[in-house]
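# Requesting a structural model of the entry that follows:
(one chain, ligands or ions: 2)
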Amino acid sequence: MRRDDRNGQDGQAVQGSVWQYSPAPEAREIVKIQPRYGLFINGEFVEPRSGRYFETINPANEEVLAEVAYADAEDVDRAVRAARHAYEQVWSKLPGKERAKYLFRIARILQERSREFAVLESLDGGKPIRESRDVDIPLAAAHFFYHAGWADKLAYAFPGRTPRPLGVAGQIIPWNFPLLMAAWKIAPALACGNTVVLKPAETTPLTALLLCEVFQQADLPPGVVNIVTGDGQTGAWLVQHPDLDKVAFTGSTEVGRLIQKAVAGTRKRLTLELGGKAANVIFEDAAIDQAIEGIINGIYFNQGHVCCAGSRLLVQESIADLVISKLRRRIQRLRVGDPLDKNTDVGAINSRRQLQKIERLVAIGVQEGAELYQSDCVLPSKGYWYRPTVLTKVSTAHTVAREEIFGPVLSVLTFRTPDEAVQIANNTRYGLSAGVWTNKGSKYLEFAARVKAGVVWCNTYNKFDPASPFGGYKESGFGREGGVHGLAAYVAF
Ligand code: NAI
Ligand code: MG
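Ligands and ions are numbered 1, 2, ... in the order given. Next up is the predicted model:
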């Protein structure tokens, strides 16, 4: 059976029938995981001064993959000093066309080693290999290619002005797109002539550490990128370091707030990409089956660990019953399981903590009156798993319509008129993204103009391109990543 046939003809049940895939696991031998990783400072892996290490596991089976160095304040300081030295002595003096060569090289090596990166990303974070192979890694390489192109053309990006680098950037990234977020942060910083200290998330440090090998292979001058692994405290030490010129953060709104406080009154420039509670709006004139696929992709993609996930489905009342019954059938056919299996649609939840958060919020949803519908797929016995879930009879006052769940959970609300759809879509403290499904151009253009969200997808969802700026309104943060807008966050005039 092909992937696009999974809907079955006329929604016939296919689970448990002859139409089952045989397991097709990707070989994990392609990637060599070291038992222990140091910190990447000044172009080489070094022991942490802290003397401490922590474990990173595979959330699909709780197997320990490696020990990773824990950077304390002194280690962070060492990394920032290396970045400052590299900035002053080497990187800020290189002409743009020379910086471009390094970025092109990094992009090409990433492509050459893409399978290795994809397997490691799935092992360390739990996402299906199909996502890491087809989305995360190609987009990460694309980001380096795109910014390589800008490195010697910054004067054209900002006509009539003379862009200068800011200096040293401290960057903190989350666990949902580990390599991609590293690329989003590092590529524009380097293209504009800055140097970097980056802290990966504690549950998913391994692809950022593999990226250090790529930097070595590409002969990137030592100190231009430094990677310090650790937890939130390591992140806090980095943000507080007095010798940073720029802080860039992607993660929770809660931590975003702490970071904003920590940099207030300093010279540090700040961009924050935080949470979301996107509305995916389906009008009665939409191509329904196409929309269902988009909705499924918008929320179950990457286990719903996506800040721009279409976690609120707003469906026009006249088609609500039809859409809900199609959704229920469709989630039964999502394949949940081994992230390394090429047929898997939904992988493991990233951590026990995240799983508990999802369970807690769904329980609150049910308590407040939402109706629960879950796939009855068989879940693996070890690791962290959550069934694809649809919550119906949700209203805007419900916790599940307001809080970011960050899991494979769709909350369904209904509306009657386009005005009401806009009102509900905007009734949130977030504003990162939105989706709209209709066959009327005028309708989606009007919706896109009125909805307060950084990205609005029309008749599609979760499409990314390095040339397209990404970022939020309200509590989803400020600043943009990608495109010329993203470059602007790394230059001064
Ligand atoms: P988090 O915001 O705590 O973690 C993100 C990064 O920030 C990690 O690298 C972490 O080590 C670091 N960090 C934590 N505390 C810090 C501090 N005080 N100063 C500097 N850096 C700090 O996110 P967490 O706890 O992993 O997830 C909690 C919730 O946040 C999720 O359930 C989800 O709702 C949301 N989230 C949103 C993301 C997004 O892409 N917008 C990504 C990850 C989580
Ligand atoms: Mg891990």
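
# can we go C-alpha only for contacts and neighbour counts from here?
OK.

# For the residue of the stretch 101-250 of the chain found nearest ligand 2, what is the enclosing helix or strand?
As assessed by Cα to the ion, ligand 2 sits closest to D124 within the stretch 101-250 of the chain, at 3.8 Å. Using DSSP states H and E, the element containing D124 is helix 114-125.

# What are the contacting residues of stretch 73-91?
With Cα atoms under 8 Å, 6 or more residues apart in numbering as the test, stretch 73-91 has contacts from 41-42, 48-50, 99, 167-168, 193-197, 221-228, 234, 237-238, 241, 243-244.

# Return the distance of that stretch from the chain's centre.
Put simply, stretch 73-91 sits 27 Å off its chain's centre (Cα atoms, centre = their mean, to the nearest Å).

# quick check: mean pLDDT across the helix or strand harbouring T271?
Element membership for T271 (DSSP H and E) is strand 269-273. Across strand 269-273, the average pLDDT comes to 98.

# Sheet partners, orientation included, of that strand?
Take DSSP bridges as the rule and strand 269-273 pairs in its sheet with strand 246-250 (parallel), strand 477-478 (antiparallel).

# C-terminal to it, which secondary structure element comes first?
Next along the chain after strand 269-273, with elements defined by DSSP H and E, is strand 279-282.

# Can you name the next helix or strand after that next one?
Past strand 279-282, the next helix or strand by DSSP H and E is helix 288-300.

# Close to ligand 1: what parts of the stretch 51-200 of the chain are there?
Within the stretch 51-200 of the chain, the residues that sit near ligand 1 (Cα under 6 Å from any ligand atom) are I172, I173, P174, W175, N176, P200.

# In this model V228 seems to touch the last one, though I could be wrong.
Yes. Because the distance of 7.4 Å satisfies Cα atoms under 8 Å, P200 is recorded as touching V228.

# With ligand 1 as the reference, name the closest of the strands paired with strand 269-273.
Of all the strands paired with strand 269-273, strand 246-250 sits nearest to ligand 1, with 5.5 Å by Cα to the nearest ligand atom.

# which outside residues touch that closest one?
166-174, 185, 239, 256, 268-274, 490.

# Report whether whatever helix or strand comes next after it contacts ligand 1.
Tracing the chain C-terminally past strand 246-250 and defining elements by DSSP H and E, one meets helix 253-263 next. Yes. Using Cα under 6 Å from any ligand atom, helix 253-263 reaches ligand 1 at V255, I259.

# Just the buried ones among the contacts of stretch 73-91, please.
41-42, 48-49, 99, 167-168, 193-197, 222-228, 234, 237-238, 241, 243-244 (16 or more other Cα atoms under 10 Å).

# Among those, which are located in helices?
Counting by DSSP state H, these place R99, T234, W237, L238 in helices.

# For burial, what's the neighbour tally of the closest residue to the third one other than its chain neighbours?
I take that to be W237. Leaving aside its sequence neighbours, W237 sits nearest to A73 (Cα to Cα, 6 or more residues apart in numbering; 5.6 Å). Using other Cα atoms under 10 Å, A73 has 18 neighbouring residues.

# Which of the residues in the helix or strand harbouring R330 are classified as buried?
Assigned by DSSP H and E, R330 belongs to helix 320-332. Residues of helix 320-332 classed as buried by neighbour count (16+ other Cα under 10 Å): A320, V323, I324, K326, L327, R328, R329, R330, I331, Q332.

# thinking the fourth one is in contact with I292, fair?
Yes. Checked against Cα under 8 Å, the pair K326 and I292 is within contact range at 7.5 Å.

# Tell me which residues touch A140, please.
So, once contact is read as Cα under 8 Å, 6+ apart, A140 ends up touching A107, L179, L180, M181, A183, W184.

# How about the fourth one: what's its closest non-neighbour residue?
The reference is to M181. M181's closest residue in space is I173 (Cα to Cα, 6+ apart), at 6.2 Å.

# Report the separation between the one you found and A401.
26 Å (Cα to Cα, to the nearest Å).

# residue ranges with poor pLDDT in the stretch 301-450 of the chain?
Across the stretch 301-450 of the chain, nothing is flagged by pLDDT under 70.

# ok, the most centrally placed residue in the chain to K32 distance?
Geometric centre of the chain, nearest residue: F177, 3.8 Å, by Cα atoms, centre = their mean. From F177 over to K32 the distance is 21 Å, taken as Cα to Cα.

# do V400 as well
41 Å.

# higher neighbour count, the two?
V400 (27 against 10).

# ok, the more buried one touching L361?
Yes. Using Cα under 8 Å, V400 is in contact with L361, at 6.6 Å.

# interface residues of this protein facing ligand 2?
T56, I57, N58, D124, T203, T204 (Cα under 5 Å from the ion).

# so what's the fifth one closest to, chain neighbours aside?
Nearest in space to T203, with sequence neighbours left out and distances taken as Cα to Cα, 6+ apart, is T56 at 5.7 Å.

# Export stretch 43-52 to CSV, keeping only CA atoms.
What follows is stretch 43-52, C-alpha atoms only, in CSV (Å, rounded to 0.1, in the frame of the first residue of the first chain):
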residue,chain,number,x,y,z
GLY,A,43,37.5,24.1,17.3
GLU,A,44,37.9,21.0,19.5
PHE,A,45,36.2,18.7,21.9
VAL,A,46,37.4,19.5,25.5
GLU,A,47,36.6,18.1,28.9
PRO,A,48,34.3,20.3,30.9
ARG,A,49,35.9,22.2,33.8
SER,A,50,32.8,21.2,35.7
GLY,A,51,33.9,17.6,35.6
ARG,A,52,30.2,16.7,35.1
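
# Could you tell me how far that stretch lies from the centre of the chain?
Per Cα atoms, centre = their mean, the centroid offset for stretch 43-52 relative to its chain is 27 Å.

# got the buried residues for stretch 38-58?
In stretch 38-58, counting by 16+ other Cα under 10 Å, buried: 38-45, 47-49, 53-58.

# Among the residues of the stretch 51-200 of the chain next to ligand 1, name the ones in strands.
Among those, the ones falling in strands (DSSP state E) are I172.

# Which member of the residues of the stretch 51-200 of the chain next to ligand 1 is positioned nearest E420?
Of all these, E420 sits closest to N176, with 32.2 Å by Cα to Cα.

# that older thread, isn't the residue of the stretch 101-250 of the chain closest to ligand 2 right next to T56, touching?
Yes. Using Cα under 8 Å, D124 is in contact with T56, at 7.2 Å.

# can you list residues touching both of those two?
Taking Cα under 8 Å, 6+ apart as the contact rule, D124 and T56 both touch L65, T203, T204, P205.

# Report the spatially closest residue to the last one, excluding sequence-adjacent ones.
Spatially, and ignoring its direct neighbours in sequence, P205 is nearest to T229 (6.8 Å; Cα to Cα, 6+ apart).

# Mind pulling the model confidence for the one you found?
98.

# can you pull the contacts of it?
L39, V68, A69, Y70, A71, K199, P200, A201, E202, P205.

# Could you do A169 as well?
Here A169 is in contact with A189, N194, T195, V196, V197, L244, D245, K246, V247, A248 (Cα under 8 Å, 6+ apart).

# Next up, the contacts around the third one.
Residues touching T195, when contacts are defined by Cα under 8 Å, 6+ apart, comprise A83, R84, A86, Y87, W91, G167, V168, A169, A189, G223, V224, V225.
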